[in-house]
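Colleague: make a model of this:
(one chain, ligands or ions: 2)
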Amino acid sequence: HGSAQSPFFGDAPGSAERADDAASVTELTEPDTGPPDRRFRLEAGEMTVRLASGALVDAWAFNGQVPGPELRVREGELIEVTLVNRLPSAEVTVHWHGVDVPNAADGVPGVTQDAVRPGGTYTYRFRVPMGDVGTHWYHSHQASSEQVRRGLFGSMIIEPAAGLGDEDIVDRTVMLHTWQSQGRDHRAFGIADRLDRWAIPAGRKVRLRLVVSAPTPRFFTIDGTSFMITAVDGNPINGPTPLSGVRLMLGAGGRYDIEFTMPDGPLRITESEAMDAGLLISPDGTGEVTPGRNLPDFDLTTYGKPAATEFDHTSRFDRTFTYVFDNRPGFYNGSFTFLWTINGKVFPDVPTPVVREGELIKLRFFNRSRLDHPMHLHGHHVQLLTRNGRPVTGSPLRRDVVDVQQGEVWEVGFRADNPGAWMDHCHNLLHAVAGQMMHLMYD
Ligand code: C2O
Ligand code: CU
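Modeller: Ligands and ions are numbered 1, 2, ... in the order given. Below is the predicted model of the structure:
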């Protein structure tokens with residue numbers, strides 16, 4: 001897709017400058033001083049993006065590309081990212097979604113830093129947490145419902161310290177987004193708001209890293225091949241088995257790693273609610289596949305094999321917090337609007353859960369409204385315990401976004417192991433700005 005043009009950056013590739021050789025084990029235990037293992041520069045600016053359909057989007061982007069550059073790092077590395085704000089009047093920050101960084105690097109304006117003014121810069125510096133291998137993303141957290149919608153996001157892939165070790169796999173990231181052009185929504189894979197065609201030779205292994213940067217869930221089918229979900233929110237599935245004939249759901253902010261071996265013929269990934277948005281992959285990029293219709297929804301809680309975990313739904317938790325999500329009309333920020341509430345309250349009036357370092361915490365989410373609420377806790381991964389009273393029976397599921405669909409009740413647990421002041425909010429960012437946010441604090 002060479003069609004994106006930036007008024008600001010001729011050739012800023014945004015790629016990593018490798019500052020050093022691979023981190024050694026001793027380096028991993030050293031403090032976060034000294035030269036970083038990798039340096040990146042992210043420049044936020046305005047640009048006009050041409051979608052595959054030809055629609056023009058007034059976008060805000062990092063380094064003149066949408067999505068922004070993919071940041072590939074390895075666990076344990078010390079990384080340094082310089083954020084430069086070249087927007088004419090908006091302030092920005094960067095949040096590392098799914099990466100359990102130390103609190104000071106979390107990128108939340110007014111909580112962990114001041115937003116970066118136009119013309120300003122800010123340097124993030126953190127060691128990539130061990131165990132956070134996988135598909136993650138970054139996005140602005142300032143006025144995030146507007147800034148993420150406009151394009152201030154990109155993917156962040158964390159590789160194992162020793163590298164992926166599967167160089168012949170075709171490894172590609174696709175961010176599922178909704179772009180707005182002249183008031184119209186365009187559901188897109190990257191900037192392809194219609195069927196995008198790729199050519200990949202038969203027999204090649206493929207890993208697609210799907211990231212939903214859009215505010216609403218994506219439902220899709222994969223036809224023409226069987227496939228496996230090998231990771232969710234970056235966390236590996238234990239013992240994944242081949243799937244076909246199901247509809248997958250991925251909520252806002254969530255990620256799936258999908259793997260398959262290229263068949264001789266075409267395969268197609270289709271969004272069930274925007275049938276012409278999708279990917280057609282075949283050995284020569286041609287062909288057609290009829291998308292499956294009315295397929296049963298796939299239930300991730302029964303997928304894969306159980307494995308021993310530090311805790312499960314039978315464990316004794318040190319504290320339990322219960323949250324009910326609903327909506328009502330009311331006043332917010334001075335205007336009469338539709339509010340998204342947590343226990344009847346809107347941010348910052350939602351009571352703050354307070355935990356102590358080391359405690360085992362349970363959160364219970366009830367969705368009494370008619371829309372989905374993908375709840376995202378910063379700085380931690382939660383383990384899914386029960387859905388509608390039924391325990392997770394398949395692979396243990398560690399997530400940083402919990403898709404609480406209408407009428408559902410979820411219980412999730414986490415170890416309070418990352419002290420700081422954190423956000424927990426709906427990743428339908430329109431809900432977040434209309435009240436559905438809270439803090440998580442350490443005592
Ligand atoms: Cu991906 Cu608080 O956000
Ligand atoms: Cu919500």
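
Colleague: residues of the stretch 201-350 of the chain that sit close to ligand 1?
Modeller: Contact residues, the stretch 201-350 of the chain versus ligand 1 (CB under 6 Å from any ligand atom): residue 253. Any C-beta I mention is one placed from the backbone N, CA and C, and that applies to glycine too.

Colleague: where does the stretch 201-350 of the chain get nearest to ligand 2, which residue?
Modeller: In the stretch 201-350 of the chain, the residue that lies nearest ligand 2 is residue 340 (5.3 Å; CB to the ion).

Colleague: kindly format the C-alpha coordinates of the helix or strand encompassing that residue as CSV.
Modeller: Assessed by DSSP states H and E, residue 340 sits inside strand 335-342. Extracted in CSV, the C-alpha atoms of strand 335-342 (Å, rounded to 0.1, in the frame of the first residue of the first chain):
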residue,chain,number,x,y,z
SER,A,335,-23.4,18.7,28.8
PHE,A,336,-26.4,16.4,28.8
THR,A,337,-25.4,13.2,27.3
PHE,A,338,-25.5,9.4,27.3
LEU,A,339,-23.4,8.1,30.2
TRP,A,340,-21.7,4.7,30.5
THR,A,341,-21.6,3.9,34.2
ILE,A,342,-19.7,1.6,36.6
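
Colleague: packing partners for that strand?
Modeller: Strand 335-342 is packed against strand 319-332, with contacts defined by 3 or more CB pairs under 8 Å, 6 or more residues apart in numbering; DSSP states H and E.

Colleague: run through who's touching the strand it packs on.
Modeller: Contact with strand 319-332 is made by 336-344, 346, 353, 355, 359, 361-369, 371, 373, 404, 426, 434-436, 438, as judged by CB atoms under 8 Å, 6 or more residues apart in numbering.

Colleague: quick one: low-confidence ranges for the stretch 101-250 of the chain?
Modeller: Within the stretch 101-250 of the chain, not a single segment meets pLDDT under 70.

Colleague: run a quick neighbour tally on residue 241.
Modeller: By other CB atoms under 10 Å, 12 other residues sit near residue 241.

Colleague: which ones are touching the closest residue to residue 142 other than its chain neighbours?
Modeller: Spatial nearest neighbour of residue 142, excluding adjacent residues (CB to CB, 6 or more residues apart in numbering): residue 115 at 4.5 Å. Residues near residue 115 by CB under 8 Å, 6+ apart: 91-93, 109, 142.

Colleague: for these, which two are the farthest from each other?
Modeller: In terms of CB to CB, the contacts of residue 115 reach their longest pairwise distance at 92 and 109, which sit 8.7 Å apart.

Colleague: what about the most centrally placed residue in the chain, helix or strand, and which?
Modeller: Residue closest to the mean C-alpha point of the chain, counted by CA atoms, centre = their mean, is residue 253 at 3.5 Å. Here residue 253, judged by DSSP H and E, is contained in no helix and no strand.

Colleague: for the protein, identify the residue most remote from the centre.
Modeller: Outermost in the chain, CA atoms, centre = their mean: residue 264 at 31.7 Å.

Colleague: mind listing what it touches?
Modeller: Counting by CB under 8 Å, 6+ apart, residue 264 touches 202, 283.

Colleague: quick one: the closest residue to residue 396 other than its chain neighbours from ligand 1, how far?
Modeller: Nearest residue to residue 396, sequence neighbours excluded (CB to CB, 6+ apart): residue 309, at 4.7 Å. Per CB to the nearest ligand atom, to the nearest Å, residue 309 is found 25 Å from ligand 1.

Colleague: wait, residue 309 sits on residue 383?
Modeller: Yes - the pair residue 309 / residue 383 is scored as a contact, 6.5 Å apart, by CB atoms under 8 Å.

Colleague: find the residues that touch each one of the two.
Modeller: Residues within reach of residue 309 and of residue 383 at once, by CB under 8 Å, 6+ apart, are residue 396.

Colleague: more neighbours: which of those two?
Modeller: residue 383 (21 against 14).

Colleague: A strand includes that one, no?
Modeller: Yes - looking at residue 383 with DSSP: H, G, I helix; E, B strand; the rest coil, it is inside a strand.

Colleague: contacting residues for it?
Modeller: Residues in contact with residue 383 (CB under 8 Å, 6+ apart) are 309, 311-312, 396-399, 412-414.

Colleague: what about 7 Å?
Modeller: The contact partners of residue 383, by CB atoms under 7 Å, 6 or more residues apart in numbering, come to 309, 396-398, 412-414.

Colleague: who does it form a beta bridge with?
Modeller: residue 398, residue 413 (DSSP bridges).

Colleague: distance of it relative to residue 40?
Modeller: 31 Å (CB to CB, to the nearest Å).

Colleague: equivalent analysis for residue 181, please.
Modeller: Residue 181 is 29 Å from residue 40, by CB to CB.

Colleague: contacts for stretch 178-185, please.
Modeller: Contacts to stretch 178-185, defined as CB under 7 Å, 6+ apart, come from residues 51, 55-57, 149, 186-188, 193, 214.
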